[in-house]
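> Need a 3D model of the sequence below.
(one chain, ligands or ions: 2)
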Amino acid sequence: MNDSAIDVFESGAVRLGTNLVCDGFVEGYDFRVQTHVHDDHMGNFNTSKGRQNFFMSLETFALLDAFLNAEIPYRSNFHKIPRGTEYKLRDGSKLTLLPSNHMLGSCQVTLELPDGRRLGYSGDFGWPLEEVIQVDELVVDSTYGSPNSVRGYTQAQAEECLLDLVCKRLRYGSVHIYAHRGTVERVLHIVEGNVGVPILASDRLIREVEVYQNYGIVLGKVESLDSDEGISASRQRAYVRLYSKGDGFGNEPIAGTSIKCSAYMATYSASNPLITFSDKSYSVALSNHADFRETLEYVEATGAEIAVTDNTRNHGIELANAINERLSGIRARPSTNNPAPRWR
Ligand SMILES: [Zn+2]
Ligand SMILES: [Zn+2]
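Ligands and ions are numbered 1, 2, ... in the order given. Below you'll find the predicted structure:
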């Protein structure tokens with residue numbers, strides 16, 4: 001670790017200043033910001049739970065509460081911050097979270113140090129954003145930091161592609177759709193009301209959907225697999241079943257069609273969101289991540305003079321080079337961590 005104000009640790013925890021990390025645990029740091037609930041950002045959550053003060057949006061708190069049951073609401077080291085409100089930390093610095101258009105509750109982070117310097121972390125983000133953090137130094141997510149990661153289609157086209165495919169395959173029987181948290185809710189939003197068949201999910205997933213509905217995001221009606229309606233629907237020829245983390249997709253043979261909605265853009269098919277594996281198996285790239293060009297627009301919009309590209313999951317070097325070549329008034333370098341590649 002070098003002596004600059006921002007960096008990323010080996011574990012993937014993002015460091016802002018000398019007392020705060022995002023999405024990870026590091027010994028000696030009092031504060032942890034949880035930007036959102038995706039697995040790759042939940043590192044050492046249990047260690048942090050006992051030893052750090054947690055800061056997160058109301059929505060992230062509600063999702064964690066729904067997944068992790070009764071453990072969280074009574075902990076005094078969990079702090080819910082409404083996004084857009086400045087929160088003063090014990091060490092005199094000021095923390096602000098802003099929406100990042102990635103999933104429910106996800107946020108960008110700004111930390112203003114007592115000397116006035118503003119440090120920021122993009123978190124995972126979609127583009128465009130209504131509000132972009134304004135910072136001097138920025139750690140930016142590099143998921144799509146490679147110049148090859150340019151989407152050749154719009155999000156609306158990807159959604160239309162999914163809906164077409166689901167409607168077509170329902171003629172042959174049931175359709176089973178797997179997606180990550182956040183994306184599975186988007187899938188529900190796309191298909192509900194448009195397919196004319198029941199939509200089934202586990203009670204676990206239905207609880208997750210309820211958190212979205214509680215925050216005013218109308219997704220539509222889902223039947224529990226275990227309810228009378230669900231049981232009778234699953235005996236019909238055509239229905240849609242949704243799966244997400246914890247639902248055991250792949251453990252049972254699937255009679256109908258299976259579709260995986262990958263939040264990560266398939267780089268080998270940047271011009272088409274659809275990949276056909278067989279007539280019963282497909283993937284559709286629904287991405288809530290900004291692509292390469294959008295990431296550069298984001299970096300520019302933050303006003304940062306120094307950017308550290310998060311090199312935890314590849315592309316940090318490519319993105320730093322691209323920023324240095326294409327944007328003026330800003331110096332970029334990859335974060336100093338360089339662990340073995342990880343699957344997400
Ligand atoms: Zn994410
Ligand atoms: Zn991520």
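> For stretch 177-192, give the mean pLDDT please.
The predicted model assigns stretch 177-192 a mean pLDDT of 93.
> how far does it stretch from start to finish?
End-to-end span of stretch 177-192 (C-alpha to C-alpha, to the nearest Å): 13 Å.
> Show the contacting residues for the residue of the stretch 101-250 of the chain found nearest ligand 2.
Nearest to ligand 2, among the residues of the stretch 101-250 of the chain, is residue 124, at 4.2 Å (C-beta to the ion). (Glycine included, C-beta is placed from N, CA and C.) By C-beta atoms under 8 Å, 6 or more residues apart in numbering, the contact set of residue 124 is 35, 36, 38, 41, 100, 102, 103, 106, 141, 143, 288, 289.
> Ok, residue 83 next?
Residue 83 touches 57, 58, 97, 98, 99, 107, counting by C-beta under 8 Å, 6+ apart.
> Quickly check these for the two that are furthest apart.
The distance between the two most remote of the contacts of residue 83 (C-beta to C-beta) is 13.6 Å, for 58 and 98.
> between those two, which one's more packed in?
Between residue 58 and residue 98, counting by other C-beta atoms under 10 Å, residue 98 is the more crowded of the two (22 against 14).
> that's a helix at that one, yeah?
No. Residue 98 is assigned strand when assessed by DSSP: H, G, I helix; E, B strand; the rest coil, not a helix.
> and the nearest residue to it once chain neighbours are set aside, helix, strand or coil?
In space, residue 98 comes closest to residue 108 once its chain neighbours are excluded; the distance is 4.8 Å by C-beta to C-beta, 6 or more residues apart in numbering. Assigned with three-state DSSP, residue 108 falls in the strand class.
> roughly how far apart are residue 108 and residue 142?
15 Å (C-beta to C-beta, to the nearest Å).
> Burial check on residue 147, number of neighbours?
16.
> Report whether the expected contact of it with residue 291 is present.
No. Under the criterion of C-beta atoms under 8 Å, residue 147 is not in contact with residue 291, lying 10.2 Å apart.
> And the strands in the stretch 151-300 of the chain, which stretches?
175-179, 199-201, 223-224, 240-243, 257-262, 274-278, 281-285 (DSSP state E, counting those that start in this stretch).
> Could you dump the ones you listed into JSON lines and include distance to ligand 1 and mean neighbour count?
Formatted as JSON lines, these follow (distance: least, C-beta to the ion, whole Å; neighbours: other C-beta atoms under 10 Å):
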{"stretch": "strand 175-179", "distance to ligand 1": "12", "mean neighbour count": "25"}
{"stretch": "strand 199-201", "distance to ligand 1": "21", "mean neighbour count": "24"}
{"stretch": "strand 223-224", "distance to ligand 1": "27", "mean neighbour count": "18"}
{"stretch": "strand 240-243", "distance to ligand 1": "18", "mean neighbour count": "24"}
{"stretch": "strand 257-262", "distance to ligand 1": "13", "mean neighbour count": "21"}
{"stretch": "strand 274-278", "distance to ligand 1": "21", "mean neighbour count": "12"}
{"stretch": "strand 281-285", "distance to ligand 1": "15", "mean neighbour count": "20"}
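> okay if I get those as JSON lines plus distance to residue 21?
Below are the strands of the stretch 151-300 of the chain laid out as JSON lines (distance: least, C-beta to C-beta, whole Å):
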{"stretch": "strand 175-179", "distance to residue 21": "29"}
{"stretch": "strand 199-201", "distance to residue 21": "34"}
{"stretch": "strand 223-224", "distance to residue 21": "38"}
{"stretch": "strand 240-243", "distance to residue 21": "32"}
{"stretch": "strand 257-262", "distance to residue 21": "29"}
{"stretch": "strand 274-278", "distance to residue 21": "37"}
{"stretch": "strand 281-285", "distance to residue 21": "31"}
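> so which of the ones you listed comes closest to residue 298?
strand 281-285 (19.9 Å).
> If we ignore the residues flanking it in sequence, what's nearest the residue of the stretch 151-300 of the chain found nearest ligand 2?
Residue of the stretch 151-300 of the chain nearest ligand 2, by C-beta to the ion: residue 289 (7.8 Å). Distance criterion C-beta to C-beta, 6+ apart; nearest residue to residue 289, sequence neighbours excluded, is residue 143 at 5.3 Å.
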